[in-house]
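**Q** Build the 3D model from these lines:
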Amino acid sequence: MKLLCDENIDRLIVFVLREAGFDVSWIAEFARSVDDAAVLEIAVTESRLLVTADHDFGDHVFRQRANNAGVFLLRLAGLANSEKATRVLHALHTHGSEMTGNFSVLSQNKLRIRCAH
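**A** Down below sits the predicted model:
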C-alpha cells in the first residue's frame, strides 16, 4: 500500500510503517510547509493514501469536494508515539484496503471509515 504522510506525522510512525513494508513518502522529507491543496495533489498524483493529523483535510474533502485518493486522519492526542505507531499499523493492516478513496478517522477508541466521494 502506498502512503503519503503529512509533515505533522511523527518520524517514529513513518519509520514503523516503512519497516512493516509500506511504501511511505513523507512530506517532511521533500516539501516542508507546502499547503494542504498541494499535499492532496501529491497524494492523488502518486495514488497514495494521505496519513495526517490535520483536521482541515475534512473541510477540503467534504466541503470543497477536493479530489483525493483517501485520507487517514489520526486523532490520537495524549498517546505515546510508540502507541500511536502501533495503532496506525494495526488499522492499516486490518482495514487498509477499505481506506483507499475514503475518509478514515482513527481515534483512541475506534476507527471510522466514510465515503469521501
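**Q** Give me the below-cutoff pLDDT ranges for the protein.
**A** 117 (pLDDT under 70).
**Q** so where do the strands sit in this protein?
**A** Here the chain has its strands, by DSSP state E, at 2-5, 23-26, 49-52, 71-75, 102-107, 111-115.
**Q** Would you mind saying which of these lies nearest residue 96?
**A** Nearest of the strands of the chain to residue 96, taken as C-beta to C-beta: strand 49-52 at 7.6 Å. For the C-beta atoms, the positions are set from N, CA and C on the backbone; glycine is no exception.
**Q** show me where this structure has helices.
**A** 11-19, 27-30, 36-45, 56-58, 81-99 (DSSP state H).
**Q** Just the residues contacting the shortest one, thanks.
**A** Which is helix 56-58. 36, 40, 50, 71, 73, 103 (C-beta atoms under 8 Å, 6 or more residues apart in numbering).
**Q** For that helix, which residues meet the burial criterion?
**A** 57-58 (16 or more other C-beta atoms under 10 Å).
**Q** Mind putting the helices of the chain into a markdown table with distance to residue 66?
**A** Listed next are the helices of the chain as a markdown table, based on distance: least, C-beta to C-beta, whole Å:
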| stretch | distance to residue 66 |
| --- | --- |
| helix 11-19 | 23 |
| helix 27-30 | 16 |
| helix 36-45 | 5 |
| helix 56-58 | 8 |
| helix 81-99 | 17 |
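**Q** Pick out the residue nearest the middle of this protein.
**A** residue 51 (1.0 Å; C-alpha atoms, centre = their mean).
**Q** what residues are up against that residue?
**A** Applying C-beta under 8 Å, 6+ apart, the residues near residue 51 are 3-6, 9, 13, 17, 72, 74, 88.
**Q** 6 Å - rerun?
**A** Residue 51 makes contact with 3, 5, 9, 72 under the criterion C-beta atoms under 6 Å, 6 or more residues apart in numbering.
**Q** can you check residue 110 too?
**A** Contacts of residue 110 (C-beta under 6 Å, 6+ apart): none.
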